[in-house]
Structures are given as C-alpha cells and as structure tokens.
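Peer 1: Predicted coordinates and the sequence they were generated for:
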Amino acid sequence: MPVTILIGAQWGDEGKGRFVDWFAKSADIVARYSGGDNAGHTVAVGDTVYKMHLVPSGVLHANVVAVMGNGMVINALNLVKEIDHLRGMGVTITPDNLLVSSRAHLITPAHIAQDKAREQQRGAGAIGTTLRGIGPAYFDKTARKGLRVGEMLNLTTFEDALRRALAEANEQLARDGFEQVEIEENVARYLEAAQQLQPFIRDTSIYLHERLQAGARVVSEGAQGTLLDIDHGSYPFVTSSSPTVGGSLTGLGIGVTHIERVLGVAKAFSTRVGGGPMPTEQNNAIGDRLRGSGENFWDEFGTTTGRPRRCGWLDAVMLRYAAAINGFTELALTKLDVLSGFEELKIAVAYELDGVRMAYPPSTAEAQARAVPIYETLAGWTENISNARQASELPENALKYIGRVAELCGVPIRMVSVGPERSQLVTL
Ligand code: GDP
Ligand code: IMO
Ligand code: MG
C-alpha cells in the first residue's frame, strides 16, 4: 500500500511543503489534490528558497513525477508563470515530470473579480480570502458550469466557452455594481497559456492507477489545512475545498485501499491568516514573538499574500479534532526552534464553553469564538536547537513538550523540524 497522504493539521502554513520535500526523496510521484494558488509551500535547499503555489513541491526532485489532480482549481496564467519562474531557478519542468489533470477546473479572471466583490459585500464579516478566485471557481464547479483544464485541448471551443463564461460573470458583476473584467485581452492571454499547457494535460487518475498497479510510491500533497476544510473547518471562515483525507481520494481519483500512512503536519504553535475564530490567539507580545519581525523568510507572514499571520499557543483541542477527522497515523511537528527561549510554554488541552469542559471544538464559528481555552503550562528551554539532528540532541524539556502533544492528541510524533532548511529535521 504505497500512498502516503500528507495533510495540514491546523489552519494551513504548517510547513507541509518542507515535509513533502522530505518524503519526495523516496517517492516516484507527488500529487496535489485540492485548492489552487491560494497555497504557498516553501522548501529551503541550502540558501535557495523555493515557493510553490500550484506546482507540487516534489518537483524539486529529479526522481519525481509531479501531478496536479482533478480536485484542484488552476489559474492557467499563474501556472505558466510559476513553471517559468521555477525553470528560471534551475528546476527541470517538462510534460514528462509535470502532469495536469484534464478534470481540474480553471480559474478565470472573472472568478478573481467575483472573489473580490464577494469579500467587499461581506464587509465586516469578510473571510479574508487570498483573492485568488478560489471560492467562485469551486462555486462554478458545483453549479456545473465551470471550465475544465481539458477544454484547453481544443482552442476553438475553449475560446467560445471562456468568452461566454466571462460575459455571464460580467452581467452579474455589473448588476451588483462592480467593475467588469476585460474580455478580449483576457481571452488572448488564456489562449496563449492553453497552448503552452496542452502538452502537460492528462487523465491523471488513470495515470496514477497504472503507476500504482506497477508499484509506484505516491505522496499526496495536501494544501491548506484541516481547520479550513469546507465541511470540518470553522464555516464560513474556510476555503471552498476539502483539504482533509477524503479530499485526497476524490481530488486524485484513487482508491482507499492504496493508503498506507496519513501524516498530519502541525506547527509547534498556532497560526491563522484571514478571519475566523482562533481560541489560542495571542494578540500581544507572545504572538509578536512567535510571528517574528519579518526579516527571516520563515517568519509568520503569508507566503502567498504577505499578510501577517495571527499567532498563538498550540491548540491540542483542534489538533485532536484534526487527528480524528483524518485518522492520522502519525504527526510531524514543525518550527520547534521558534519556541526556544520561552521560559514557559502553554498548550490548550480543552475548552470551556457555557460552563462545560470540551475535549473537541464546537461545530460553529460563533461557539468557537466564545470558547475559552484551558491551558496547561510546560517548562521551556533556552538552547538553540536548530543544529539538532537526532532526538538525543534535543533538550529534555523539548522532548517533554513533544511527548505531551502526542499524548494530548493520541497520535505519535515521528518527526520534528528545527529550522526551515531541508536537512533541519529530527526523526524520532
Ligand atoms: P505550507 O503552506 O504548509 O507548506 O507552509 P508555508 O511554506 O506557507 O509556511 C511555513 C514556513 O515555515 C516557511 O517559511 C518554511 O520555510 C518555514 N519552516 C518550515 N519548517 C520550519 C522549521 O522547522 N523552523 C523554521 N524556523 N521555519 C520552518
Ligand atoms: P497553504 O497550502 C493558510 C485561508 C485564507 C482565508 C481562507 C479562505 O499554504 O497552507 P481562499 O482564498 O482559499 O478562499 O481563502 O483560507 N487560506 C490559507 N491559509 N495557508 C493556505 O494554504 C491557505 N489557503 C487559503 O487566508 O482565511
Ligand atoms: Mg503556505
């Protein structure tokens, strides 16, 4: 059973990219299954920092075929730009090592305009989306009027369909008092992108099936995180796809019988970008210290939008929930190095809501916003741990912290990272 599914266990940006990179060393295929360029996955190799938004993070390894699955929503212009950018950094990308599902949906400029318009309409209740057109593209998909990647294989019919989609969206934008999108120039740009992307387009589910039958090892690369899931997150402050384990199967078109491991990636503290409840948020000096000043590329500022991330203590209530939803077989904990120097560390072990103690988060955003974390305090450590490469090189209090997190969510922690660079990792 050769598939490892890697999933964000919090609100995204857990450090999935760097762990995908680690697993990709010994994989044949790395396949992304959900979201689009709302994602930003960072992999640091020596002094070079790669930021992937659409292309799976495994593409950096010569042994890997990167697959963009049917569950994704793809901005064709940004995909072409990202391929060019990565090639400019020396990464080989050809139709032999990057396959794009013909069933994935396309993000059009109209989706981006609609995303902005809807956020404006929401006013104070804005979700704080990445404004990449993600929600409107999935909306059109489920409304059964979306454009799919495979349509780019026939430029004549694609041009008609795109023109029609933009015109229809413009009518609604105009009715709502928003600026319309330009049609002619956008159609020309999409046709050019379509021509460039045509060689990459495949039925990726059948490709995966055939490779799995032949014994290939697959890493399924999650985007976003469990708490942003359309069903399981703090609705409506969520993304419009399923970053959780089920999304991986539908978003790639593979069967459950192939799965061997479901690895949750969690940050050693909590971060969230955008609106919505975050019970352990520290809107104070602690949050500022966890975020960092912004001078390091790994400080807590969005990889995609540059927004400062909200920061707070680790929330074991949410993590326990993520473990339950996904059936994690193991966890990887990232950014443990950032906790060095805190005299004491807090972990939310339960919530109190309306006088009741809760082990799992309540299901509405409203109740989550009122939930009061019950903290446990652990002793910190002062040592710089960024050079640790084995468990014996970690301070005792760091090991105790790791052990307590594992205990609180009932899942073993098999790996921790102690810095952003590829090699800054300890297996336990
Ligand atoms: P992803 O979306 O889950 O792939 O995560 P992002 O790339 O958006 O954000 C994670 C950030 O943390 C990136 O800047 C990574 O380089 C950085 N990072 C990952 N692991 C570690 C770690 O163990 N220590 C530190 N200091 N930074 C890390
Ligand atoms: P990676 O893969 C963190 C958040 C947005 C917003 C909400 C909805 O890098 O972990 P959307 O544009 O998807 O409609 O926005 O989801 N969000 C992310 N936050 N990391 C991400 O991706 C995210 N993708 C979306 O900030 O709150
Ligand atoms: Mg990210």
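Peer 2: Sure thing, it's come through. Treat the numbers as computed from the prediction; the structure is a model and nothing was measured. Ligands and ions are numbered 1, 2, ... in the order given.

Peer 1: and stretch 242-261, anywhere near ligand 1?
Peer 2: No: using Cβ under 6 Å from any ligand atom, we find that stretch 242-261 stays clear of ligand 1, coming within 10.5 Å at best. C-beta: built from backbone N, CA, C; applies to glycine.

Peer 1: Endpoints of that stretch, how far apart?
Peer 2: 18 Å (Cα to Cα, to the nearest Å).

Peer 1: With stretch 406-422 instead?
Peer 2: Distance across stretch 406-422, first residue to last, is 23 Å (Cα to Cα).

Peer 1: can you list the residues of this protein near ligand 3?
Peer 2: 13, 40, 303 (Cβ under 5 Å from the ion).

Peer 1: Contacts only, for the residue nearest to the second one when sequence neighbours are not counted.
Peer 2: On the basis of Cβ to Cβ, 6 or more residues apart in numbering, the spatially nearest residue to residue 40 that is not a chain neighbour turns out to be residue 303, at 2.7 Å. Taking Cβ atoms under 8 Å, 6 or more residues apart in numbering as the contact definition, residue 303 lies against 13, 40, 41, 42, 51.

Peer 1: filter these by proximity to ligand 2?
Peer 2: 13, 40, 41.

Peer 1: If we check ligand 1, which of the residues you listed are in contact?
Peer 2: 13, 40, 41.

Peer 1: At which residues are the strands of the stretch 1-150 of the chain located?
Peer 2: Per DSSP state E, counting those that start in this stretch, the stretch 1-150 of the chain carries strands over the ranges 3-8, 29-32, 41-45, 48-52, 65-68, 73-75, 98-101, 105-107.

Peer 1: tell me which residues in the third one are buried?
Peer 2: In terms of neighbour count (16 or more other Cβ atoms under 10 Å), strand 41-45 has its buried residues at 41, 42, 43, 44.

Peer 1: List just the nearest of the residues you listed to ligand 3.
Peer 2: residue 41 (5.7 Å; Cβ to the ion).

Peer 1: Report the beta-bridge partners for that closest one.
Peer 2: residue 52 (DSSP bridges).

Peer 1: what do you get for residue 310?
Peer 2: Using DSSP bridges, the beta-bridge partners of residue 310 come out as residue 272.

Peer 1: Spell out which parts of the stretch 1-150 of the chain neighbour ligand 1.
Peer 2: 8, 12, 13, 14, 15, 16, 17, 18, 40, 41, 42, 44.

Peer 1: these two touch, right, the third one and residue 266?
Peer 2: When you say that, I think you mean residue 13. No: applying Cβ atoms under 8 Å as the test, residue 13 and residue 266 come out as separate, 11.0 Å apart.

Peer 1: Provide the backbone phi and psi angles at the closest residue to residue 249 other than its chain neighbours.
Peer 2: Among residues not flanking residue 249 along the chain, residue 256 sits closest, at 6.0 Å (Cβ to Cβ, 6+ apart). Residue 256 adopts backbone torsions of phi -60, psi -30, taken as degrees, to the nearest 10.

Peer 1: what about residue 6, neighbour count?
Peer 2: Around residue 6 there are 24 other residues, counting by other Cβ atoms under 10 Å.

Peer 1: how about residue 414, secondary structure?
Peer 2: strand (DSSP: H, G, I helix; E, B strand; the rest coil).

Peer 1: Now do it against residue 261, distance only.
Peer 2: With distances taken as Cβ to Cβ, to the nearest Å, residue 414 is found 9 Å from residue 261.

Peer 1: got any residues that touch both of those two?
Peer 2: Listed contacts common to residue 414 and residue 261 are residue 330; contacts here mean Cβ under 8 Å, 6+ apart.

Peer 1: right, and residue 374 touches residue 347 too?
Peer 2: No: assessed by Cβ under 8 Å, residue 374 is found out of contact with residue 347, at 10.0 Å.

Peer 1: Please name the residues that touch the closest residue to residue 391 other than its chain neighbours.
Peer 2: Excluding the flanking residues, the one nearest residue 391 by Cβ to Cβ, 6+ apart is residue 428, at 5.3 Å. Taking Cβ under 8 Å, 6+ apart as the criterion, residue 428 is in contact with 391, 402, 413, 414, 415, 416.

Peer 1: Neighbour-wise, give me the winner out of these.
Peer 2: residue 416 (27 neighbours).

Peer 1: doesn't residue 330 make contact with it?
Peer 2: No: using Cβ under 8 Å, residue 416 is not in contact with residue 330; the gap is 11.7 Å.

Peer 1: Just the closest of the ones next to ligand 2 among the contacts of residue 303 to residue 352, please.
Peer 2: Within the ones next to ligand 2 among the contacts of residue 303, the smallest distance to residue 352 is 27.7 Å, found for residue 13 (Cβ to Cβ).
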